[in-house]
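Trainee: This is a predicted model, with the sequence first.
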Amino acid sequence: GESVGLHLPTLSVQEGDNSIINCAYSNSASDYFIWYKQESGKGPQFIIDIRSNMDKRQGQRVTVLLNKTVKHLSLQIAATQPGDSAVYFCAETYYYSGAGSYQLTFGKGTKLSVIP
Amino acid sequence: ETGVTQSPTHLIKTRGQQVTLRCSSQSGHNTVSWYQQALGQGPQFIFQYYREEENGRGNFPPRFSGLQFPNYSSELNVNALELDDSALYLCASGDRGEKLFFGSGTQLSVL
């Protein structure tokens, strides 16, 4: 089974409102987390990342929160716009010392629909 | 745009055939990873190459193989195609694989 999952498969928000997308992870060894946005017909686009030694990181209109106690990750989008409509994936990364590489594991995604 | 390009964009094959998908990594990136994304699912890790050697593999059978070339371009080969191989195949490049930048993918349909 997957170690990264999402609480809500779909989310509809009014244009201008704030959006919150949640994600649970199960691997306590994960030390790096990324949110990706995927529009129809395109590959995942990097939005924002956060390391396990942080609990909050802000970007342009986006904020990622990390709660290691309950293994929870969230993405907040301020003033949601129609262009934000897409599927959002959280992904966890940890380092496999045997392979000498980072492994990225994705959840199933949340579809965000913005109502004009 | 990420600078990661994939070809072809779409491909139709029949069961039992072989397929080769190609990827050109973003300049300066020495790691390339391949992912399979079934409809409605998140991408699943196939394998990763660093300096032309495979250094990580997901739960995929040996008929999924790959190559990375000195110019950091890469190929994904799939032999004996099965219907369940129909998916979007994504290539991603990065610096040691931590932060990955994805191409737009190749949509493979197996009939």
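Mentor: On my side now, so go ahead. If you're wondering where the values come from, they're calculated on a predicted model, not measured in any experiment.

Trainee: what's the closest non-adjacent residue to the residue nearest to the spatial centre of chain B?
Mentor: Note on chain B: the residue nearest the mean C-alpha position is residue B:34, at 3.3 Å, using Cα atoms, centre = their mean. Among residues not flanking residue B:34 along the chain, residue B:46 sits closest, at 4.3 Å (Cβ to Cβ, 6 or more residues apart in numbering or on different chains). Every C-beta, even on glycine, is put in place using the N, C-alpha and C of the backbone.

Trainee: ok, now which ones touch that neighbour?
Mentor: Counting by Cβ atoms under 8 Å, 6 or more residues apart in numbering or on different chains, residue B:46 touches B:33, B:34, B:35, B:36, B:57, B:58, B:60, B:64, B:66, B:76.

Trainee: Let's see that with 10 Å instead.
Mentor: Residues near residue B:46 by Cβ atoms under 10 Å, 6 or more residues apart in numbering or on different chains: B:33-36, B:56-60, B:64-66, B:76, B:78, B:89-91.

Trainee: From residue A:42, how far off is it?
Mentor: Shown here: residue B:46 relative to residue A:42, a distance of 19 Å by Cβ to Cβ, to the nearest Å.

Trainee: same deal with residue B:15?
Mentor: Distance, residue B:15 to residue A:42, by Cβ to Cβ: 28 Å.

Trainee: Repeat that for residue B:28.
Mentor: Computed with Cβ to Cβ, the distance linking residue B:28 and residue A:42 is 22 Å.

Trainee: if we can go back for a sec, so which strand or helix has the residue nearest to residue B:34?
Mentor: In the assignment (DSSP states H and E), residue B:46 maps to strand B:44-50.

Trainee: For residue 53, the count of nearby residues, please.
Mentor: In the absence of a named chain, this looks at chain A. Using other Cβ atoms under 10 Å in any protein chain shown, the number of residues around residue A:53 comes to 9.

Trainee: actually chain B
Mentor: Residue B:53: 9 neighbours (other Cβ under 10 Å).
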